[in-house]
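Novice: next come a sequence and a model predicted from it.
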Amino acid sequence: MIKKIFLALITIITFSCGGNPNSEPTNSYEEDILGFWDRVGTIQLMNGIPVDTLAFKDSENPDNKQIKAFLSDRVMWVNNYWKDSTAPWKGGSGGYGKFNIYSRDSLTELMSHGSGLMGVSLKEYKDKNDATFQPWNMSINLVENKEFSQKNNPKSDYAEYWKKIPDLAPKSRIDGVWKRVYEIAYVNDIPVDTTSAPGDVILDVKVMYGGRYMYQVDFTGFAEPDQPFYGGLGGYGSFELDEDNNMLYEYQEWGTGIVTQTFDPKVNKTSHEITFYSDDLFLQIDKSNSGVVNNSSATGRGLVYKRVK
């Protein structure tokens, strides 16, 4: 079950004593950390030195997945752990917030929202401390644009091991971090009702970059703890933007919270009509959804996303 780390990996992954939240963040490492990352396993440490690694694919739960994205000053991650959870939202977890990178061995994540166990934990922390986010100061080792390791606790003997996921497509107009600001109900292609999506009640955010996307919806300000939607939902997959025909195609591969199905890449296709109002605002319409915005007669659903800057 445990695979010995190659000597090359030992020389690559060495940990500092911890992050320095009092240092000024720098932009010099954002190019290296930018994009999507796949957690491939867990590293065991002795006196800060890697000695063994457990790959997800060789573990007792080979279907475990966790993806993280860094873009601009935002970070998002989702996983599909705890599918057999007794929680009303079934399982899986995720987090969203800002990040500061201080050096190749120091990173702080300021998590403001989440799904699953992370979303519930963040809500409890924010309510108890009258805070808008929870800081996580981490020791990391960022190796160029290829891989990094992350230790969430300076005293921990274990670290997360991440590898960079290659881009699937060139940079496009839709690349960025987006927040849902409105939802529109359609009846026979006619908009009949519009509702705002206040961030203190429902936070729906999406990261799109290099042909890959990730989304997360925090419902802890909307649903009750004993309801399935309280745990929110999230997902990961790929996308194709066809600007000539004003279409966005999303291929979700797996999800979190109430979304637990898994699909092969490029199989689970969802088509959206898309309209850019500007470079920072777009509308996507899915005609397959109904009963949205408390309108039982709706035959289509439109979501308006605003770029997070």
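Specialist: Structure received. Remember, it's a predicted structure, so these values are computed and weren't measured experimentally.

Novice: so what's the residue count around Ala185?
Specialist: Neighbours of Ala185 under the rule other C-beta atoms under 10 Å: 24. Where you see a C-beta, it was placed from the backbone N, CA and C, and this is true even at glycine.

Novice: that one sits in which helix or strand?
Specialist: Element membership of Ala185 [criterion: DSSP states H and E] is strand 176-187.

Novice: partners of the following helix or strand past that strand, with directions?
Specialist: Using DSSP H and E, the helix or strand that follows strand 176-187 towards the C-terminus is strand 190-196. Here strand 190-196 is paired, per DSSP bridges, with strand 176-187 (antiparallel).

Novice: the strand holding Ala185: which residues count as buried?
Specialist: Neighbour counts over strand 176-187 (16 or more other C-beta atoms under 10 Å) mark 176-180, 182-186 as buried.

Novice: again, but for stretch 54-73
Specialist: 54, 56, 64-73.

Novice: show me what Thr108 is bridged to.
Specialist: Taking DSSP bridges as the rule, Thr108 bridges to Asn100, Asn137.

Novice: pull out the buried positions in stretch 265-274.
Specialist: For stretch 265-274, burial by neighbour count (16+ other C-beta under 10 Å) applies to 268, 272-274.

Novice: against Gly232, how distant is the residue located most distally from the centre of the chain?
Specialist: Relative to the centre of the chain, and counting by C-alpha atoms, centre = their mean, the farthest-placed residue is Asn188 at 33.6 Å. Asn188 sits 31 Å away from Gly232, going by C-beta to C-beta, to the nearest Å.

Novice: circling back to that earlier point, from the buried residues of stretch 265-274, which ones fall inside strands?
Specialist: Members of the buried residues of stretch 265-274 lying in strands (criterion: DSSP state E): 272-274.

Novice: now pLDDT and distance to Ser121 too, for those, in JSON lines please.
Specialist: Shown next, in JSON lines, are those (pLDDT from 0 to 100; distance: C-beta to C-beta, whole Å):
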{"residue": "His272", "pLDDT": "95", "distance to Ser121": "32"}
{"residue": "Glu273", "pLDDT": "95", "distance to Ser121": "37"}
{"residue": "Ile274", "pLDDT": "96", "distance to Ser121": "35"}
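
Novice: put together TSV for the residues you listed, with distance to Gln252 on each row.
Specialist: Output for these, formatted as TSV (distance: C-beta to C-beta, whole Å):
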residue	distance to Gln252
His272	12
Glu273	18
Ile274	17
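
Novice: returning to that earlier point: what's in contact with the strand holding Ala185?
Specialist: Here strand 176-187 makes contact (C-beta atoms under 8 Å, 6 or more residues apart in numbering) with 71-72, 74, 76, 191-197, 199, 202-209, 282-283, 285, 287, 292-293, 295, 297-308.

Novice: need the buried ones from the residues you listed selected in PyMOL.
Specialist: Selecting only the buried entries of the contacts of strand 176-187 in PyMOL, with 16+ other C-beta under 10 Å as the criterion:
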select buried, resi 71+72+74+76+197+199+202+203+204+205+206+207+208+209+282+283+285+292+293+295+298+299+300+301+302+303+304+305+306+307+308
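
Novice: which of the contacts of strand 176-187 fall in strands?
Specialist: Among the contacts of strand 176-187, the residues falling in strands (DSSP E) are 71, 74, 76, 191-196, 203-209, 282-283, 285, 300-307.

Novice: the longest helix that the chain contains packs against which elements?
Specialist: The longest helix of the chain (DSSP state H) is helix 116-129. Contact partners of helix 116-129 among helices and strands, from 3 or more C-beta pairs under 8 Å, 6 or more residues apart in numbering; DSSP states H and E: strand 93-103, strand 106-115, strand 134-143.

Novice: now with 10 Å, please.
Specialist: Contacts defined by 3 or more C-beta pairs under 10 Å, 6 or more residues apart in numbering; DSSP states H and E place helix 116-129 against strand 74-79, strand 93-103, strand 106-115, strand 134-143, strand 212-218, strand 233-242, strand 247-257.

Novice: angle of the fifth one against strand 233-242?
Specialist: Note on geometry: by axes from the mean of the first three to the mean of the last three C-alpha atoms, to 10 degrees, strand 212-218 and strand 233-242 are set 140 degrees apart in direction.

Novice: direction included, what does strand 212-218 pair up with?
Specialist: As assigned by DSSP bridges, strand 212-218 forms pairs with strand 203-209 (antiparallel), strand 233-242 (antiparallel).
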